[in-house]
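Trainee: take this sequence and fold it.
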Amino acid sequence: MKKDIFINELINFCFRYILFDKLIEMDTIKCNLEKQLEDIDFVETLIREIMVKTKSHRGIDIEKAKMLLLELERIRINLEYKEYSPV
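Mentor: Reported below is the predicted structural model:
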């Protein structure tokens, strides 16, 4: 999935299910999220938060959550093995 599309989908999901503070402007969140998706600890935390929300709240779009989780896991794995990738 293209990074900008993924980020928009992730932001919309997180706003809808209250993972992000709605008082912060979307542009600020988008800018910060782009940077933080390079941090493996942040990605792992976001994966856990989405999993907790989907298991503890009814009415969440599970298919959307699974799509986001798969993409986040792909990002996490790429970060995990970044140092082993050929230059």
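Trainee: in the protein, which spans are helices?
Mentor: 3-16, 26-36, 40-56, 62-80 (DSSP state H).
Trainee: so can I have JSON lines of those helices showing mean pLDDT and mean neighbour count?
Mentor: C-beta coordinates here come from the backbone N, C-alpha and C atoms, glycine included. Listed next are the helices of the chain as JSON lines, based on pLDDT from 0 to 100; neighbours: other Cβ atoms under 10 Å:
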{"stretch": "helix 3-16", "mean pLDDT": "86", "mean neighbour count": "15"}
{"stretch": "helix 26-36", "mean pLDDT": "84", "mean neighbour count": "13"}
{"stretch": "helix 40-56", "mean pLDDT": "89", "mean neighbour count": "15"}
{"stretch": "helix 62-80", "mean pLDDT": "94", "mean neighbour count": "15"}
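Trainee: contact partners for Asp41?
Mentor: Residues near Asp41 by Cβ atoms under 8 Å, 6 or more residues apart in numbering: none.
Trainee: please report the distance of it from Arg76.
Mentor: From Asp41 across to Arg76, the span is 10 Å (Cβ to Cβ, to the nearest Å).
Trainee: against Arg76, how distant is the closest residue to Leu33 other than its chain neighbours?
Mentor: Nearest in space to Leu33, with sequence neighbours left out and distances taken as Cβ to Cβ, 6 or more residues apart in numbering, is Ile7 at 5.7 Å. Going from Ile7 to Arg76 by Cβ to Cβ gives 15 Å.
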